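Student: Coordinates only, no sequence provided:
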């Protein structure tokens, strides 16, 4: 169904806006024209009387201008059912032609031109009374049921004694609508203006015209015509109002089970409504404008959708301009329900969409768009209302991005996700700088998903679309591939989006046997089954999957035959069920026999192109979990009752150690013995508590029965009826007592490279007094040498450089008291010229020495090295550059000055201009004839 709601219909001088809809078949051939034809032009009879002022205050020219005005107004009503009569008043009253004569005369212009001015005084009230009593009567051609209009044109206040209070009520009772046109400056006074208000009908501001002179009458012709008849439609005693003249049939449309439905937003002063074209030839008009006074300008019928429930059809209709807020009305056969929003200007009801989620023939949801809804963070809103909710109670909302106009279009697009629930597309045409976007929401059992599942941006297309998502429609297979397609409108374009086939993958994992007996650990097997629902097209896909045993565990309890605990494979699948079997190898001694072995499956699906569907590639359904897991438990050996009663016994000793000497005893070994005299014990935990001065080091298995192997470790998940023995070793890491320790610190640092002195360090100075002087022990020659080019990038230590060795003795070193040493010496740069290197890296070393027979210390804390980089840097001399720049600048300035002087830049022109002016003032020779044209140049004046 295609509609054009802006079909123009000309009725005389008036232009109305109607609409057509065309019902098309699948080949776009016209089946039906709705409506069959445009309605005839409205023929509402109207009788109009001109009462013009012919008093002496109006000159001949202005009177002729007034007659021209009457002629032009009459011409504007040609082609309509309107009759005119012309009368003139001054002290007397003259009827120039009545309605009968107007209807029988073809040359109306001549009748008006023949009118002669009466002159004399202005008896306005008396003239109005005569018009009421003598013109608007049947013998003068006035018609019953016709609208009666009196147009009074005057240039001043009345002079008769008859008051308007005695005349106007009589005109009101006769149903005469009065327009007062005041011409001239006289009506700038209050009393004159008050007289116009007494003549005119109410509301007076709509029935009074005031102009400065008679020439200005031409400017009010359009206004007078609009107020009387044409633009707003049907005439009535209360003025002008539309009925169906501006209906715009087909502004919205749909095909319902009862027949085509057309929205007519312009009906009855844009209150709006809908036409239902059922089995009868005459359509049914549905609206609320006659029963609800607040529906004016509501645009009812701006959007319309059908609601089906138990085989009965209802209609939900949007009125987005109702009270500047919007309103949605559900018309049922027995009542109606109104949905009301809260925000002014949101255009609530501008778009509508009904959704049958489970395709059972009953409408489940009504989606109401408010694309102009705005908050500081959102732009556009869609209300999701269950059809059984009254008045919008319980409606949920979806919101779009700021200034995006989310909800400007909506449509049910069928089941594109393959979950047997209807999906919905919502457009936001002004997102992303007016490029637009389309949102896809998947249907659920109780509504729509709160988060969109797909967002298609207009910027993704090569043509850089604008307003993508302005219109959307879907749910129909237009490409013949058995899948629903989506048509999306943009500025000047319509795009057809094809949905892709969706595959669901079902994974099941089973083990044989279902549990692992703890008495024997043989290689067992497992099955991987994949189940895919059927589809009518031939679909092929590739599944890449990986299997992992006990993922995340550090100790492996199971493995595949050759690939370890992880296995990766690839399958080519069509619509079928495939099972793959793999062997699982178990170790002889699994430590944990309580926690089941976990088998985790991860997979990805890549669809192959489907030739019959235009090489579309299927995709994996979002409902298919790409990760599955199976559990293989261990069998518990607890006898016939299934309950394990253990009898644990624990004992320990210190492996023959009777005395622990701090600083002397390096290790403390504890021998622990655990025995179980009952049934198997699972999840057995042995906890050890030891002083903070001791540090745990390791655990060793010393003895275990051969017939029941168990894992090594303090935590034994499965402990059968047997005994086991461990050795737990400790060693001392810290001395908690306050005692002094005598030490020596030996320093070695390079002083000479390849025979060239680098620095002359002769002493090491401690930072505190307790340290004794540090004498130099010796200088040590290098073991091998490096070439000069290698000096710059090789650290120079005592293996390639001559080093000085200094030893500092410290008789007593208290606990946690730092002591700093400083090496002093003079740096020499003679090596720079000899080695041609700019920097060198020197490695110094310090080592602590102590009585190792009495004390112990980790090796990593007794020796340290420090690397020092010595680099020669030269200060650049900028003086020659500064001097050269200054001299060059002065020379350049002199050259520029000389050039300007040569061209006269420094000469004053004022004297020359004065001399030229004096010469121009002297009279020159006159010449009567000239062979050429003189050229005169005028200086610009300010």
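Tutor: Good, I have the coordinates. Bear in mind that the values here come from a model prediction, so they are computed numbers and not experimental data.
Student: Tell me the secondary structure at the residue sitting nearest the centre point of the chain.
Tutor: Centroid-nearest residue in the chain: residue 401, 3.7 Å away (criterion: Cα atoms, centre = their mean). Classification of residue 401 using DSSP: H, G, I helix; E, B strand; the rest coil returns coil.
Student: pLDDT score for it?
Tutor: pLDDT recorded at residue 401 is 91.
Student: any idea how far it is from residue 128?
Tutor: Separation of residue 401 from residue 128 (Cβ to Cβ, to the nearest Å) stands at 64 Å. To be clear about C-beta, it is placed using only N, CA and C from the backbone, and glycine gets the same treatment.
Student: Repeat that for residue 657.
Tutor: According to Cβ to Cβ, residue 657 stands 135 Å off from residue 128.
Student: Have a look at the two and say which one is more surrounded.
Tutor: A count of neighbours by other Cβ atoms under 10 Å puts residue 128 above the other of residue 657 and residue 128, at 27 against 12.
Student: show me the contacts for the closest residue to the more buried one other than its chain neighbours.
Tutor: Among residues not flanking residue 128 along the chain, residue 167 sits closest, at 5.1 Å (Cβ to Cβ, 6 or more residues apart in numbering). Counting by Cβ atoms under 8 Å, 6 or more residues apart in numbering, residue 167 makes contact with 125, 128-129, 132.
Student: What separation is there between residue 444 and residue 680?
Tutor: Note on residue 444: its distance to residue 680, by Cβ to Cβ, is 49 Å.
Student: ok, these two, which is more surrounded?
Tutor: Set side by side, residue 444 and residue 680 show unequal neighbour counts under other Cβ under 10 Å, the larger going to residue 680 at 21 against 12.
Student: Make sure the more buried one is actually in contact with residue 636.
Tutor: Yes. Using Cβ atoms under 8 Å, residue 680 is in contact with residue 636, at 7.2 Å.
Student: And the contacts of the helix or strand in which residue 397 is found?
Tutor: Element membership for residue 397, per DSSP states H and E: strand 396-399. By Cβ under 8 Å, 6+ apart, the list of residues contacting strand 396-399 from outside reads 373, 375, 378, 380-384, 406-407, 426, 441, 447-448, 450.
Student: what about 7 Å?
Tutor: Contacts with strand 396-399, where a contact means Cβ atoms under 7 Å, 6 or more residues apart in numbering, come from 378, 380-384, 406, 447.
Student: Buried residues in it, which are they?
Tutor: Neighbour-count burial for strand 396-399, counted by 16 or more other Cβ atoms under 10 Å, picks out 398-399.
Student: Check stretch 579-588 too.
Tutor: By neighbour count with 16+ other Cβ under 10 Å, stretch 579-588 contains the buried residues 584-586.
Student: Mind listing the residues bridging to residue 564?
Tutor: For residue 564, the beta-bridge partners are residue 560 (DSSP bridges).
Student: Give me the neighbour count for it.
Tutor: Counted with other Cβ under 10 Å, residues neighbouring residue 564 total 12.
Student: Which parts of the stretch 101-250 of the chain are strands?
Tutor: Assigned by DSSP state E, counting those that start in this stretch, the stretch 101-250 of the chain shows strands spanning 147-154, 176-183, 208-211, 234-236, 239-241, 249-256.
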